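> Here is my input, please return the structure:
(one chain, ligands or ions: 1)
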Amino acid sequence: MFVELLKRRRSIRSFSDAPVSEDEIDTLVKAALLSPTSRNIRPWEFIVITDRHTLARLGRAKHGAEFLAGARVAIAVVADTRTSDVWVEDCAIAASNILLAAADIGLGACWAQIRNRTHPGGGTAEDYLREVLELPGHLAVAAVIGAGRPAESRQSLTDDDLDRAKVRYIG
Ligand SMILES: Cc1cc2nc3c(=O)[nH]c(=O)nc-3n(C[C@H](O)[C@H](O)[C@H](O)COP(=O)(O)O)c2cc1C
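The predicted structure follows:
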């Protein structure tokens, strides 16, 4: 059941050395590409990184992205900001779908926020990644999702974790 998957999905930042198969990576890519976008513009693009050296460089993008260095695969969610005024939302949905697809097939995954974040060495995390990933200037970097076989276990959420105060019903 979909709600059970939502409960099971937790951020995993510690990964084992076990490989992630090409089929598993393709499942994550499909989840991204099947995401809805405003006016069906699909402003996003996805950069799939498995190279260990590049993953290590991703981990230096900002404080809180270090886990990417230990991931077996990372997917950078980038967008052509010229084509849509709601590319941020479109990217967020795609990133969320990647996380859910990873949880569905037993991979651990976590989101590293890049947009609006600074690079420890000065400048933005986005500019740093634009250089690492050799991206042209019109592509904005929203986030990077790191994934791999979990080397930590996290408790699933339960109905007790639901903050019902966040919901108001009319009618
Ligand atoms: C928009 C967004 C940005 C996030 N950025 C980071 C990040 O930069 N680094 C990180 O370790 N986790 C990041 N996370 C993961 C959150 O910390 C995590 O989802 C939250 O603490 C809830 O925990 P859970 O995912 O295990 O349920 C981000 C999550 C979202 C949705």
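
> Secondary structure of residue 45: a strand, I assume?
Yes. The assignment for residue 45 (DSSP: H, G, I helix; E, B strand; the rest coil) places it in a strand.

> Quick check: beta-bridge partners of the nearest residue to it once chain neighbours are set aside?
Closest residue to residue 45 apart from its sequence neighbours, by Cβ to Cβ, 6 or more residues apart in numbering: residue 78 at 5.2 Å. The way it works is simple: take the backbone N, C-alpha and C, and place the C-beta from them, glycine included. In this entry, residue 78 is beta-bridged to residue 45, residue 141, by DSSP bridges.

> Do I have it right that residue 79 meets residue 135?
No. Between residue 79 and residue 135 no contact is recorded; they are 10.6 Å apart, counting by Cβ atoms under 8 Å.

> Those two: who's more crowded?
Neighbours around residue 79 and residue 135, counted as other Cβ atoms under 10 Å, are more numerous at residue 79. The numbers are 25 against 18.

> so who does that one touch?
By Cβ atoms under 8 Å, 6 or more residues apart in numbering, residue 79 lies in contact with 43, 44, 45, 87, 88, 90, 91, 139, 140, 142.

> Which helix or strand lies directly C-terminal to the one helix or strand residue 6 maps to?
Secondary structure assignment for residue 6, by DSSP states H and E: helix 2-8. Later in the chain than helix 2-8, the nearest helix or strand by DSSP H and E is helix 22-33.

> Return the distance of the closest residue to residue 31 other than its chain neighbours relative to the ligand.
Spatially, and ignoring its direct neighbours in sequence, residue 31 is nearest to residue 101 (3.4 Å; Cβ to Cβ, 6+ apart). According to Cβ to the nearest ligand atom, to the nearest Å, residue 101 stands 15 Å off from the ligand.

> and residue 101, that one's in a helix?
Yes. The assignment for residue 101 (three-state DSSP) places it in a helix.

> right, and it touches residue 33 too?
No. Using Cβ under 8 Å, residue 101 is not in contact with residue 33; the gap is 10.9 Å.

> circling back: check contacts around the residue nearest to residue 31.
Contacts for residue 101 (Cβ under 8 Å, 6+ apart) come out as 27, 28, 30, 31.

> Just the buried ones among these, please.
Neighbour-count burial (16 or more other Cβ atoms under 10 Å) is assigned, among these, to 27, 28, 31.
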